Structures are given as structure tokens and as C-alpha cells.
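Trainee: turn this into a model:
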Amino acid sequence: MARPPKCRQVARLPVVTYFKPQGIPMSQLSEVIIPVEELEAVRLCDLEGLEQEDCAEKMAVSRPTFHRIITAARKKIAEGLINGLAIRVEGGNYQVSLSKLKCKACGFKWEGTFCKRHTKCPKCNSRDWDGS
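Mentor: Numbering: from 1, shown residues only. Predicted structure coming up:
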């Protein structure tokens with residue numbers, strides 16, 4: 001019996017979770033589903049440009065496991081783009097990591113999850129903050 005997979009660490013949840021080809025009605029579309037942790041792997045490796053070993057550490061998995069996650073994600077994205085499928089981001093086996101945040105305007109520090117476009121300082125409502 002295989003052991004259950006460990007939760008993968010995800011820095012933040014995606015804001016947009018559905019992508020579809022232009023000009024094709026939803027009723028005619030098939031879709032491919034990408035779990036949240038696979039999208040996180042693409043973000044870390046392909047968008048942030050981190051090495052796979054560093055990505056694996058951030059997601060709290062082994063490097064071979066990270067390689068399997070990123071390979072599966074890239075295959076699904078390619079399938080969606082090449083074959084004109086909708087791409088839905090949902091589900092998975094993940095846990096959202098907490099980040100340390102500091103407001104640049106008032107200096108208030110807090111811990112939580114964040115989205116670059118929507119997170120505001122809980123004290124002064126400024127959108128100018130740093131995260132780690």
C-alpha cells in the first residue's frame with residue numbers, strides 16, 4: 001500500500017483559476033485540470049526562475065518529487081495550449097504557507113497569506129508592503 005502524499009507548501013493561492021481559448025463557446029470546450037501545487041511549481045521554476053532544488057525546498061518536497069510535479073504541470077499546460085482546451089486550476093494536496101509582511105507606510109508587521117494585487121496593511125490599508 002502506497003503512503004499518502006505529503007501536503008505541498010504553496011506561497012499563495014492563484015487569483016485567476018480558469019483560462020479558455022478565445023472564440024470557442026464553453027459548451028464546446030474540454031478542459032484540463034491543474035492542481036494548485038502544480039501551478040505553484042510552474043510559478044517558482046518558470047516565472048521566478050529558481051532552480052529545481054530551491055523550488056523543492058520551498059514546497060517542502062524532495063527534488064525528484066518536484067520534478068514529477070513540474071513535468072505533469074508543463075504537460076497539462078502544453079496539452080491545453082496545443083489542443084485548444086480550457087485550463088482549470090483547482091484541487092490538489094497543498095497547504096498555504098504564511099509569510100511575514102511589513103507595511104512600508106506605517107511599519108506594521110503581520111503574518112499571513114498574500115496576493116500582490118489585493119493585500120492591504122490591516123492597520124493603515126496601504127498596499128505598499130514587503131513580504132518574505
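Trainee: all the helices of the chain, residue numbers only.
Mentor: 36-42, 52-59, 63-83 (DSSP state H).
Trainee: ok now the second one, how far from the chain's centre?
Mentor: Once both centres are worked out by C-alpha atoms, centre = their mean, to the nearest Å, helix 52-59 turns out to sit 13 Å from its chain's centre.
Trainee: now that helix: average pLDDT?
Mentor: Averaged across helix 52-59, the pLDDT comes to 96.
Trainee: spit out the contact partners of the spatially most central residue of the chain.
Mentor: In the chain, the centroid-proximal residue (C-alpha atoms, centre = their mean) is Glu40; its distance is 3.1 Å. Taking C-beta atoms under 8 Å, 6 or more residues apart in numbering as the criterion, Glu40 is in contact with Arg8, Val10, Ala11, Met59, Tyr94. In this view, the C-beta of every residue, glycine as well, is placed from N, C-alpha and C.
Trainee: related to what we said a few turns ago, which one of the helices of the chain lies closest to Thr17?
Mentor: Nearest to Thr17 among those is helix 36-42; the distance by C-beta to C-beta comes to 8.7 Å.
Trainee: hey, C-alpha coordinates of the closest one in PDB?
Mentor: Taking C-alpha atoms only, helix 36-42 is exported to PDB below (Å, rounded to 0.1, in the frame of the first residue of the first chain):
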ATOM      1  CA  VAL A  36      -2.800  24.300  -7.200                       C
ATOM      2  CA  GLU A  37       0.600  22.700  -6.300                       C
ATOM      3  CA  GLU A  38       1.400  22.200 -10.000                       C
ATOM      4  CA  LEU A  39       0.700  25.800 -10.700                       C
ATOM      5  CA  GLU A  40       2.900  26.800  -7.800                       C
ATOM      6  CA  ALA A  41       5.700  24.700  -9.200                       C
ATOM      7  CA  VAL A  42       5.400  26.500 -12.600                       C
END
